[in-house]
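> With the input below, show me the fold.
(4 chains)
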2 protein chains.
Amino acid sequence: MREGAGNITIEAVAKESGLSKGGVLYNFPTKRALLSGLLDQMLAAHREFFEKVPERHPARTLCGHLETVLQPKDVGDDLSMAILAAAASDPPLLDPLRTELTGDLERILADTNDAPAAMIAFLAIQGLRFQRLLSLPDGGADITERVIERLRTMIDEL
Amino acid sequence: MREGAGNITIEAVAKESGLSKGGVLYNFPTKRALLSGLLDQMLAAHREFFEKVPERHPARTLCGHLETVLQPKDVGDDLSMAILAAAASDPPLLDPLRTELTGDLERILADTNDAPAAMIAFLAIQGLRFQRLLSLPDGGADITERVIERLRTMIDEL
DNA sequence: ACAACTATACCGTCCGGTCGGCCTGGATTT
DNA sequence: AAATCCAGGCCGACCGGACGGTATAGTTGT
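Purely as a prediction, here's the structure:
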């Protein structure tokens, strides 16, 4: 995160994790595997977060996505950074994410009969994620607050 | 684009541009400068595209952003890829983009009195950009079509 | 005894950046 | 007009450092 997602090195991961370089390579035989595992872990954490949204919410998946953006210590930040690192160094690594998101999207569209509205909500959430990830402006905390509130009502009215 | 944005090398740029490595480094003394110049150029093209939207559209800036996503040979694709490369290898390079977007956002928010709605439209557009950039699912062409139509009416009603 | 490391040394490759030289077109001199 | 000179644009061989990965020997806990 500090030095730019593309500059991630095995040694840096080793130091950060308290392991030695050998130790890291013991667990992940290659850098691809490391990044892949990183993404897997982030996706798992992300999925786990979804479970917290009540079982029978009408637009559960979409709601889950929204919730993950709300966390101050964002689960999505880590995920997004992993995504960025993967995308930068080896795009095929994003395949698991693609299938995951494809599933989410199917569920989202199945849960509503106003597909465009649901889609716009989804895209706005994704947009917010990426804006934050790259430290691009998002209008400030107060507006974001109102945006999220609005999104919530949008989702509820689906 | 082919090999992953983080793997861009000076030699690759040289070959692609028909110059030699030395020639590239003559025009851009460092890789930072190269990426910075790339981003500048993309931003300029992006801005130029904005001019095409009629002068007195109520939400001109937002409308311009939307139009750039519509291009089949997307102006935004190149820009986004440059953004990705910059973000991956040297985040501070994104500063010009940040100021640019900050200005856009101010204009967008000034042009409306329903800030959250405008913001959601903006974020959705950004989301769509990034989804495409990373080849993440966007629901397919037909839904995207409807999403864009909906966004257009949203923007017009601001 | 085995798994899970640590520590260290090392190799090969890739890549950013340097450097000396080449070439061309225009200005200056003769 | 011919010869000369110069400068800017570019080439491409090379250097040095970084980094992915390998190898190996020792250590610790189970």
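> In chain A, what residue lies closest to DNA strand C?
residue A:23 (2.1 Å; CB to the nearest atom of the strand). C-beta: built from backbone N, CA, C; applies to glycine.
> How about that residue, nearest residue that isn't a chain neighbour?
residue A:14 (6.8 Å; CB to CB, 6 or more residues apart in numbering or on different chains).
> picking that back up, is the residue of chain A closest to DNA strand C in contact with residue A:15, as I believe?
No. Applying CB atoms under 8 Å as the test, residue A:23 and residue A:15 come out as separate, 11.1 Å apart.
> Could you measure from residue A:38 over to residue A:97?
Separation of residue A:38 from residue A:97 (CB to CB, to the nearest Å): 12 Å.
> Touching both of these two, which residues are there?
Common neighbours of residue A:38 and residue A:97 (criterion: CB atoms under 8 Å, 6 or more residues apart in numbering or on different chains): residue A:86.
> Please tell me how far residue A:60 sits from residue A:79.
19 Å.
> whoops, residue A:65 was the one
To residue A:79, residue A:65 is 11 Å away according to CB to CB.
> and these two? which has more neighbours close in?
Set residue A:65 next to residue A:79 and count neighbours by other CB atoms under 10 Å in any protein chain shown: residue A:65 wins out with 25 against 22.
> helix/strand/coil for the more buried one?
With DSSP: H, G, I helix; E, B strand; the rest coil as the basis, residue A:65 sits in helix.
> what's the answer for residue A:2, then?
Here residue A:2 is recorded as coil under three-state DSSP.
> Repeat that for residue A:136.
Residue A:136 ends up coil, using three-state DSSP.
> wouldn't it be in contact with residue B:101 here?
Yes. Applying CB under 8 Å as the test, residue A:136 and residue B:101 come out as touching, 5.5 Å apart.
> Let me see the ranges of the helices in chain A.
For chain A, applying DSSP state H gives helices covering A:10-17, A:21-27, A:31-50, A:60-70, A:75-89, A:95-110, A:115-133, A:141-156.
> Serialize those to TSV and add fields for mean pLDDT.
Converted to TSV, these look like this (pLDDT from 0 to 100):
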stretch	mean pLDDT
helix A:10-17	93
helix A:21-27	95
helix A:31-50	91
helix A:60-70	90
helix A:75-89	82
helix A:95-110	95
helix A:115-133	95
helix A:141-156	94
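> Of those helices, flag the one that's most buried.
Each of the helices of chain A was scored by mean neighbour count; the highest is helix A:115-133, a mean of 24, by mean count of other CB atoms under 10 Å in any protein chain shown.
> now the residue located most distally from the centre of chain A: how far from residue A:33?
The outermost residue of chain A, judged against the average C-alpha position, is residue A:22 (29.3 Å), by CA atoms, centre = their mean. Note on residue A:22: its distance to residue A:33, by CB to CB, is 15 Å.
> and chain A, which of its residues are near DNA strand C?
By CB under 7 Å from any atom of the strand, the part of chain A that sits against DNA strand C consists of A:18, A:19, A:20, A:21, A:22, A:23, A:24, A:26, A:27.
> So which of those reach DNA strand D?
Applying CB under 7 Å from any atom of the strand to the residues of chain A next to DNA strand C, one finds that A:21, A:22 fall near DNA strand D.
> Get me the contact residues on chain A for DNA strand D.
A:7, A:8, A:9, A:10, A:11, A:21, A:22, A:25, A:29, A:30, A:31, A:32.
> Turn the helices of chain A into a markdown table, columns for distance to residue B:130.
Converted to a markdown table, the helices of chain A look like this (distance: least, CB to CB, whole Å):
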| stretch | distance to residue B:130 |
| --- | --- |
| helix A:10-17 | 25 |
| helix A:21-27 | 30 |
| helix A:31-50 | 16 |
| helix A:60-70 | 14 |
| helix A:75-89 | 10 |
| helix A:95-110 | 12 |
| helix A:115-133 | 5 |
| helix A:141-156 | 17 |
